[in-house]
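Undergrad: structure for the following, please:
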Amino acid sequence: MTLKILSVVGARPNFMKVAAICEAINELNALAAAKVVDHVLVHTGQHYDSNMSDSFFNDLELPRPDLCLDVGSASHSVQTARIMERFESVVLNERPHAVLVVGDVNSTVACALVAKKTWCRGDHETRDFVPKLAHVEAGLRSSDRTMPEEINRIVTDSISDYLFTTEESANRNLLREGIPEERIFFVGNVMIDTLMRYRSKAQESTILQDLQLTDAGSVKPYALLTLHRPANVDDKRVFTRMLDAFLDISRRMPVIFPAHPRTLKRIQEDGLGDYFVDHFVQGPEPWDSQVRIRVVPPLGYLDFLNLMSEAKVVLTDSGGIQEETTILGVPCMTLRENTERPATIAQGTNVLVGSNPEIIIREFNQVCANGRGAQRSPRYWDGKAAKRIIQILVNDFSQDLAISVPAYESNAKELIQN
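TA: Alright, predicted model coming up:
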């Protein structure tokens, strides 16, 4: 009998995480010379634009989803409700032993709730059952409950059977919230698994040449910007003050902005288009004159990884980019007042700057003066996190399912100390 795992993806950050899970399952099945794990991949369609979804499946060599729920965009409540309604029939039909959710997006919490409230029909040998719920990237906390992602994290963790953590702070958060120690597994970071696997391939990207960021084989200094969180882009006053800071930076080096569709919509509605130039439509302004922020479409994983690797500095309000720049040794200025990933500050290259233009400019000047950060790796950010996750799950189910499990990751369980 095989272990049936149903993995959920919905938004762009999920794809990088589940890519590592898919690879780990394929490797285990190959090692066993049999299908130890039957893996079903479900795409909720939370991100449905080809630039936000399809390109990632191609770049990361992900299998086509077995099922797509096509929920599309909507308010948080409507989108979550659509996912729950459509995912319920998936769970009833597939009857997975475990549902695996990643990160903190609406698809994560919606599918987690359905998994733990759905009774699946057993066969002639087993009773009806509720699937086990595994949360990858559990325990991260910003302590800011105005962030929808924070609510998603707390709810998902509270009902999960397996909580797979990326850093020590997450272990402490979960223990403090009363999660039993035996449910917590310190395994490392699946985002970094994927980065390590594709880093060399990303160097084949032509994105630097396409954006005219090279000269005679050398890379010109540039800043990379990502921005999409409501707290930054939904308040025109806050957004405008930040754009003034980015415009200041752009007078010293190009600011490349792969624009999230949500942010583009805010720019159009608030009449902020004069801050930007579309690189591929209008072309860049001369290097030695005042320039605007250079908008480019959302990029595929490999192009973005290459662009991020060579940047002088990254300015972002994304969580995952804080982690990736830590491994790449690229200075990261996080445009938030808090972070759920403190390891990127304590051990990495990340600094919080919020939305204050003076602080943004001050820290940018520091980066220009000091250069790239030291490359340091938090514990277990070693490319083996997904292997540990799958090893733990198959070991746990092996007796009930009477399956023979090859050991391909010996360090699968880190003891959590109070």
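
Undergrad: quick one: low-confidence parts of the chain?
TA: Across the chain, the ranges flagged by pLDDT under 70 are 47-53, 279-290, 372-375, 408, 410-418.

Undergrad: and the longest helix along the chain, which residues are buried?
TA: The residue-count maximum for a helix in the chain (DSSP state H) belongs to helix 12-32. Of the residues in helix 12-32, 12-25, 28-29, 32 count as buried by neighbour count, 16 or more other Cβ atoms under 10 Å. Quick note: C-beta positions are derived from backbone N, CA and C, even for glycine.

Undergrad: what packs against it?
TA: strand 3-9, strand 37-43, helix 54-59, strand 98-102, strand 132-138, helix 190-202, helix 319-328, helix 385-401 (3 or more Cβ pairs under 8 Å, 6 or more residues apart in numbering; DSSP states H and E).

Undergrad: CA atoms only for that helix, dumped as CSV, please.
TA: This file holds the C-alpha atoms of helix 12-32, laid out as CSV (Å, rounded to 0.1, in the frame of the first residue of the first chain):
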residue,chain,number,x,y,z
ARG,A,12,3.6,32.2,-6.6
PRO,A,13,5.7,31.5,-3.4
ASN,A,14,4.1,28.1,-3.0
PHE,A,15,5.5,26.8,-6.3
MET,A,16,9.2,27.1,-5.1
LYS,A,17,8.3,25.2,-1.9
VAL,A,18,6.3,22.4,-3.5
ALA,A,19,9.0,22.0,-6.2
ALA,A,20,11.3,20.7,-3.5
ILE,A,21,8.7,18.4,-2.1
CYS,A,22,8.0,16.9,-5.6
GLU,A,23,11.7,16.3,-6.1
ALA,A,24,12.1,14.6,-2.7
ILE,A,25,9.1,12.3,-3.4
ASN,A,26,10.5,11.4,-6.9
GLU,A,27,13.9,10.6,-5.4
LEU,A,28,12.4,8.4,-2.6
ASN,A,29,10.3,6.4,-5.1
ALA,A,30,13.3,5.9,-7.3
LEU,A,31,15.4,4.7,-4.4
ALA,A,32,12.7,2.2,-3.4
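
Undergrad: from the chain's centre, how far out does that helix sit?
TA: The chain centroid and the centroid of helix 12-32 are separated by 15 Å under Cα atoms, centre = their mean, to the nearest Å.

Undergrad: that one to strand 37-43, inter-axis angle?
TA: If you take axes from the mean of the first three to the mean of the last three Cα atoms, to 10 degrees, helix 12-32 sits at 160 degrees to strand 37-43.

Undergrad: hang on, the earlier thing: looking at the helices and strands packed on helix 12-32, which is buried most?
TA: The highest average neighbour count among the helices and strands packed on helix 12-32, using mean count of other Cβ atoms under 10 Å, belongs to strand 98-102 at a mean of 28.
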